Each structure stands twice: as C-alpha cells, then as structure tokens.
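A.B. asks: My questions concern the predicted model and sequence given below.
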Amino acid sequence: MNLIKFPGLGLEFTVNENAFSVFGLEIKWYGIIITFGIMMAFLLFYHLGVKKEMLDPDSLYNITLIMLPTAIVGARFAYVATTWETDFKGTGFLNIINIRNGGIAIYGGIIFGLAAVLIYNKVKKMNPLSMLDALAPAVMLGQVIGRWGNFVNAEAYGVSEGIEKLPWRMWLEVVRVDGIIQKDMHLVHPTFLYESLWNALGLILILAVFYRKKKFNGQIFFTYIGWYGLGRAYIETLRADSLYLVGSLRFSVLVGIICVIASIIGLVVLNRRRKEEELEMTEYKSEFETVRIAMSKLEDSLDSGVFENDAEDIEEVEENEELEALDELDDAEAETLEEQAMLDGDAEEAIIEAEKSITEPEEE
C-alpha cells in the first residue's frame, strides 16, 4: 500500500499496487494501466492510419504485432544497459528479463519500435514517414495514460530546492534519491504528472492544429519527437531516479536533446524538399498549360477551316511564282523568240506574194 498526499491541494490517496490475483499471481495496476494505454494508442493509430494516411489496415495490424514486443524488449534493454553495474551484473539471465520487478526505459522502447517500423516499410517497399505520422500521436496518448502507472507505484518523482513552496507538491512516506532512502525527505515533484500533462498538451496541439495543417509526410513524427524530447530533457533534470550513462550524464536528458536536434533537422530538410517539389510541379504545370493553350488554338483553327483558306493561298502563291518565273526569262531567250517571230512573219509574206502571182495575170 502506498500513501500519497498533495498537502497544498488537500488531497490524500492510499493506493494498493496490486489490482487482483489469478492463481496466486498478483496482477498489478501498473500493468493494467500500461495495457490500457497500449489499447487506446492502437485505436488512435488505426484511426489516423486509415482515415488520414490512407494506409492498408493489414499493414497497421502487422506493424503493431511486430512493434509491440520489439518495443518492450528495447525498453528493457535500455534499462538494463544503463543499470548493469549496479543492478544486473552477475544476477543471471532470468533476472535480466524479469520485468515484473520493474525496470523499463521509454526511450529504449521508442528507438526499438522506430527501428521495427523502418525495417518493415523497407521490406514492404513503403514510405515509413506516413506510418510514423499516424503512430506518433498514438504513442503520445499511450504515454499520457501510462504515466499514471507511476502514480500507483509512487515512483518517477523528482526533487529540488524550494519544493515545499509549490501548491502541487507531493508527499510520500519513503523517498529514494538514486536508490538511497532519504530519511528526512518526504516532499517531491510529481514528475510523472508533469510528463503526462506535457504529452497531453502536445497531443492536443498535434491533433487540433498540426495534423490539420500537415504539409508533408514526416511532419507529425518530427514534431512529436521534438516536443517530447524538449519536455523530457527538462523534466529529467528533476527526477530522483534517473538513468546515467557516464558520471552525472543522464541518459534521458542526452536522448531528449538529440531528439530536439533531430526534429529541427528533419523538419527543415523535409520542408525544403516539399518546396522543391512544389516548384518543380509549378514549372511542370506552366509548361503543360502552354501546351494546352497551343493545342486549343490548333483545334479552333481546324474547326474554323483556316487550313482550307491556307490551301487556297498556297495555290495562288504557286501561280504567282510561275508567272514570275516566266517574267524572269533571260534576254537571250527573249531575243531568240523575237527573231523566230520575225522569220515566221517574213515567210508568211513570201507565201502571200507567191499566191498572188499565180492567181493574177501578168500585165502586158
């Protein structure tokens, strides 16, 4: 049983981690809440995938069945890898895979799940960005719901100076900082609540604003990882149970910063590609419109009989060319013709004189 209070709000809860038992196996509220979050996430993923992204429903079922176990393995792997020296070294394989004792890191699940989506779409020769756009809000919804499992377990809280002045401060019987019990500390940040509310706000903005104004595939996915990375990087600095990489370098802070940078780069690159494609399409449309206008004029010419008039004009031109050719005879040919005409004329006169001499008697 966990006693959880919010003194500034006048709230107090006594929560049992175990919901019920089946054949002696305790079923915990944490698992039920996480399962409910996964179910709601799938429903939103399916809705966005079919209605918004026009994806094949079978592909959505397939990737869900592949991605879920892959993400769970990834979440456990990230936790074990970052706590190996303190919690798992030399404890045996069964202890490593026993997630009932707690220990999963959400970023590991996101990274492994992303890899599953990319590989699946690569094999199917599909563009993964459209599927990731449908998946991102669904993951956010799952995170909004799933974080309340931390509330039931009285975990995922934070510490800082001046916390006693916050009206939403949370009181716990036992507070651990990096696994060490703090005897004189009871007030903490409800960082699970911070993250749940941060994701809820991001989900509302994505569905109500960004998705409606989506301009290119990948826009929603990169918006999600930027939003979540930014919020998680800050909230993680308050956490009392952070996972560390080297020294004081927190795993989730580093990954959160990387997500923000990747988000900015991804959005800039994809938006630039979109503008280039729109420019190419504009040029193509301009060329197409020019051809269309020319074809329209050609059709109008055929319908109005312009070519018939053109044929008559061509015949007239040919006749004029023949006349010009005759006019352009050289002087030698012209003189020859004239001489021939004169000879022909003299011969005619000679014949006429001869006929007269025969028919008319000589004068004595």
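C.D. replies: Done, it's in.
A.B. asks: what secondary structure does Leu3 sit in?
C.D. replies: strand (DSSP: H, G, I helix; E, B strand; the rest coil).
A.B. asks: who's in contact with it?
C.D. replies: 12-14, 172-173 (C-beta atoms under 8 Å, 6 or more residues apart in numbering). Any C-beta I mention is one placed from the backbone N, CA and C, and that applies to glycine too.
A.B. asks: one more time with 10 Å
C.D. replies: Counting by C-beta atoms under 10 Å, 6 or more residues apart in numbering, Leu3 touches 12-15, 154, 171-174.
A.B. asks: And the nearest residue to Ile4 once chain neighbours are set aside, what's its pLDDT?
C.D. replies: Nearest residue to Ile4, sequence neighbours excluded (C-beta to C-beta, 6 or more residues apart in numbering): Phe13, at 4.6 Å. Note for Phe13: predicted pLDDT of 94.
A.B. asks: So Phe13 sits against Pro190, correct?
C.D. replies: No. Shown here, Phe13 and Pro190 do not form a contact pair, counting by C-beta atoms under 10 Å, at 11.7 Å.
A.B. asks: Out of the contacts of Leu3, grab the one that's most surrounded.
C.D. replies: Using other C-beta atoms under 10 Å as the neighbour test, the contacts of Leu3 are led by Ala154, with 21 neighbours.
A.B. asks: ok, back up a step: joint contacts of Phe13 and Pro190?
C.D. replies: Common neighbours of Phe13 and Pro190 (criterion: C-beta under 10 Å, 6+ apart): 4, 6, 151.
A.B. asks: Can you get me a residue count around Thr188?
C.D. replies: No, residue 188 isn't Thr; it's Val. Per other C-beta under 10 Å, the neighbour tally for Val188 reads 24.
A.B. asks: Which element, helix or strand, includes it?
C.D. replies: Assigned by DSSP states H and E, Val188 belongs to strand 187-188.
A.B. asks: Now find how far off-centre that strand is within its chain.
C.D. replies: Its chain's average C-alpha position is 42 Å from that of strand 187-188, according to C-alpha atoms, centre = their mean, to the nearest Å.
A.B. asks: Please apply the same query to stretch 227-237.
C.D. replies: 23 Å.
A.B. asks: Tell me which residues of that stretch come out buried.
C.D. replies: Of all the residues in stretch 227-237, those buried under the rule 16 or more other C-beta atoms under 10 Å are 227-233, 235-236.
A.B. asks: Let me know the closest of the residues you listed to Leu254.
C.D. replies: Ala233 (8.3 Å; C-beta to C-beta).
A.B. asks: Give the helix, strand or coil label for the residue nearest to Ile4.
C.D. replies: Phe13 ends up strand, using three-state DSSP.
A.B. asks: residues touching it, list them.
C.D. replies: 2-6, 151-152, 154.
A.B. asks: Ile110 now?
C.D. replies: Taking C-beta under 10 Å, 6+ apart, one finds 71, 74-75, 78, 136, 139, 143, 224-225, 228, 255, 259 in contact with Ile110.
A.B. asks: which element is Gly226 on?
C.D. replies: Counting by DSSP H and E, Gly226 is part of helix 219-236.
A.B. asks: For that helix, name the packing helices and strands.
C.D. replies: Packed against helix 219-236, as judged by 3 or more C-beta pairs under 10 Å, 6 or more residues apart in numbering; DSSP states H and E, are the following elements: helix 106-124, helix 128-146, helix 191-205, helix 251-303.
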